[in-house]
Structure formats: C-alpha cells, structure tokens
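# my questions are about this predicted structure, shown below with the sequence.
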Protein chains: 2
Amino acid sequence: MSQTSKFINYFMAHRSVTIELISKIGEEHIEYKPTETSMPARALVTHMLSSFQKFVAVVKRGDASPMREKLEVDETDLNAVAELYTSETRNLLESLTVEELDRVIDLTAIFGMKISGRGLLQVAMDHEIHHKGSLFVYVREMGHTKLPGFVRKG
Amino acid sequence: MSQTSKFINYFMAHRSVTIELISKIGEEHIEYKPTETSMPARALVTHMLSSFQKFVAVVKRGDASPMREKLEVDETDLNAVAELYTSETRNLLESLTVEELDRVIDLTAIFGMKISGRGLLQVAMDHEIHHKGSLFVYVREMGHTKLPGFVRKG
C-alpha cells in the first residue's frame, strides 16, 4: 500500500467518526455551545473540516498561503458540508507525491516552525482528533448516549 | 535525533497540555461529569494516564498482557498521579529498541488487529489527544476560560 493510501485509511478511520457525530447534531443544536466561551457546534465542525483541507493544501503547495484563504462552501446543511469537504480533502490527499510528503515547509510566521509535509499531515490528524474529542462531549450534552468509538476499527 | 527521542518530544508536547488541564481541576470538581453517561473527571484522567502506560508496556513486552493488568498508584492527588505516570511512561519509552518498534503485535483478541509497536504508539497518542479534547470541555465547564493550545509548540 502506498504511503498516501495508508494515510487516507488513517484519515477516514477518524473522519468517518466525525461524520457520524455531525449526523447527530439536530437543527435545534447547530448553535449549541457548552459554555459562553466555547465555539458553537456549527463553527466547531466547520473549523475542523476546513482546517484539515487547508493543512493538506499547504502540503500540496509547499507554503503557508492556503491557511490565509477563505474556503467558501455554498451549502448550509452540515452533513452535506462534511461530505463535500471530505471528498475534496481525499482527492487532494490522493494527489500528493512522495516529494511533497518529504518537502520541508517554512511555517515559522504562522506556527513558529518548519515542518515536512508528512509531519504537517500528522498535525492535521491531531487537530481533527482533538476537536472530535470535544465534539463527543457536545453531542452527549445534546442528549445522545449511544456514541461510536473514537476511531473506526479495521 | 533517535526515533524514540523524537516520539518522546511528540508525547510531551501533548502530555504537558494534559498536565496543565489536570492542574486546573479543583478538589470540588474531581467527580464532575458533563452528563449522566460521561466519565467523571478523575476517572477520565486516570484512564488517559494508565492507558498510555499500558500501550507502551504492550510495545515493550510484545503481547497484549499489560492491557489486562491493573496499575496501582498509591497517590490520590491527581497532579501527583499525573507526574508519576508521565515519568514512568517516559522511562519505558526511552527503553524501547528499534526491534520493539518494528515488531508486529497480535492484538486480534482485544482490538481486532495486528499492529507494529510503532503503530501502537500512534494509537496511544491518538487516544490521549482524543480524551484531552474532551477534557478541554470539562475544564471550561468548571469555569476556566484561559486554556492552553491543544499542543505545546517548539
């Protein structure tokens, strides 16, 4: 299995859980936030989906410019937004070459570090898993008690 | 830098944030849980700390037996428990050889998969980051508004 295919499996093992959690957010809970200073559910989900896409775009382009671009999605239903981003992110991941994975990108200005494409993909995963961990609490507070495991197995 | 040193830096970049969150849990919130079906704060923290230690012990031993062992810590203060586990986990990580990182371990019975030592260390990280993501919401609900980033930089 190529390095990219292996990473896509890893990505989807977590993203499929994110998508399942999103499917549990009812229309009435789209602006739900656990505390005054928390991100509302919709903002949290959009942040997760768009950030991953931007991280991969940075790996593809080799510089930080995609982080500053605003991603526009002409869709309000969160489930549809999730499907759209996931499909685009997969396509971008599939297009990555070994040279792009190995290339060191200077992100000193925004993250205070230089990092390889491969390293940045791990940061993208960590970022997704972190916010998904928060989202589990949100969804439980919305009244759901039957939740998936934190990662899909097999 | 050796593979193990690199991994220990990665581990500590997240564990130091876990420790900072734990330090914010006051005595009055030790049994706090966001919902009836959530893990209470103390149980969540203990689960995070002991699971990481067990994952590394599995990599060291090469079989699943450490997962079934009960870790006993003779300490009730959560900050002290965190320091104890972190120090032991670091020592165990430092002792890992390249052969142990490369060895494939049969975890079919408990996780439904075979996985390399290296792969299992990533699962341990993902598990920590996941629960830390939940812990952020707990700590915010305890009244804290100044929280660290999800990973320590640099």
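Perfect, thanks for sending it.
# C-alpha only now, for contacts and for neighbours.
Noted.
# helices and strands of chain A: which one bottoms out on pLDDT?
When the helices and strands of chain A are compared on mean pLDDT, DSSP states H and E, helix A:108-111 comes out lowest with a mean of 91.
# helix or strand right after that one?
Toward the C-terminus, helix A:108-111 is succeeded by strand A:113-116 as the next helix or strand (DSSP states H and E).
# does chain B sit close to the very next helix or strand once past that following strand?
Downstream of strand A:113-116, the next assigned helix or strand under DSSP H and E is helix A:117-141. Yes. Using CA under 8 Å from any CA of the partner chain, helix A:117-141 reaches chain B at A:126-127, A:129-137, A:140-141.
# just put those residues in CSV and tack on pLDDT and neighbour count.
Shown next, in CSV, are these (pLDDT from 0 to 100; neighbours: other CA atoms under 10 Å in any protein chain shown):
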residue, pLDDT, neighbour count
A:Asp126, 98, 20
A:His127, 98, 20
A:Ile129, 98, 28
A:His130, 98, 25
A:His131, 98, 22
A:Lys132, 98, 28
A:Gly133, 98, 24
A:Ser134, 98, 21
A:Leu135, 98, 23
A:Phe136, 98, 26
A:Val137, 98, 22
A:Arg140, 98, 19
A:Glu141, 98, 18
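# show me where chain A has strands.
For chain A, the strands defined by DSSP state E occupy A:104-107, A:113-116.
# dump these to a markdown table, plus distance to chain B, mean pLDDT and mean neighbour count.
Converted to a markdown table, the strands of chain A look like this (distance: least, CA to the nearest CA, whole Å; pLDDT from 0 to 100; neighbours: other CA atoms under 10 Å in any protein chain shown):
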| stretch | distance to chain B | mean pLDDT | mean neighbour count |
| --- | --- | --- | --- |
| strand A:104-107 | 12 | 97 | 18 |
| strand A:113-116 | 7 | 96 | 16 |
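# for stretch A:40-59, which positions count as buried?
The neighbour-count check on stretch A:40-59 (16 or more other CA atoms under 10 Å in any protein chain shown) flags A:40-42, A:44-45, A:48-59 as buried.
# my read: A:Leu101 touches A:Arg118, true?
Yes. Here A:Leu101 reaches A:Arg118: they are 4.7 Å apart, a contact under CA atoms under 8 Å.
# shared neighbours, those two?
In terms of CA atoms under 8 Å, 6 or more residues apart in numbering or on different chains, A:Leu101 and A:Arg118 are both contacted by the residues A:Val59.
# residues in contact with A:Ala64?
Residues near A:Ala64 by CA under 8 Å, 6+ apart: A:Val58, A:Ile105, A:Asp106, A:Leu107, A:Ile110.
# swap the cut-off to 6 Å and go again
A:Val58 (CA atoms under 6 Å, 6 or more residues apart in numbering or on different chains).
# next up, phi/psi of it, please.
Per-residue torsions, A:Ala64: phi -80, psi 0 (degrees, to the nearest 10).
# same list (the strands of chain A) but as TSV, adding distance to B:Glu20.
Listed next are those as TSV, based on distance: least, CA to CA, whole Å:
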stretch	distance to B:Glu20
strand A:104-107	26
strand A:113-116	23
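# what about stretch A:29-37, how long is it end to end?
End-to-end span of stretch A:29-37 (CA to CA, to the nearest Å): 16 Å.
# what does that stretch contact?
Applying CA under 6 Å, 6+ apart, the external contacts of stretch A:29-37 come out as A:Pro40, A:Ala41, A:Arg42.
# the same query, at a cut-off of 8 Å, please.
Residues outside stretch A:29-37 that contact it (CA under 8 Å, 6+ apart): A:Met39, A:Pro40, A:Ala41, A:Arg42, A:Tyr138, A:Glu141, A:Met142, B:Val137, B:Arg140, B:Glu141, B:Thr145.
# for stretch A:132-149, same thing?
By CA under 8 Å, 6+ apart, the residues outside stretch A:132-149 that reach it are A:17-18, A:20-21, A:24-25, A:29, A:32-34, A:41, A:44, A:150, B:34-35, B:37-38, B:129-137.
# would you mark the buried spots in stretch A:79-87?
Neighbour-count burial for stretch A:79-87 flags A:Asn79, A:Val81, A:Ala82, A:Tyr85, A:Thr86 (criterion: 16+ other CA under 10 Å).
# helices along chain A, start to end?
A:3-23, A:41-61, A:78-94, A:98-102, A:108-111, A:117-141 (DSSP state H).
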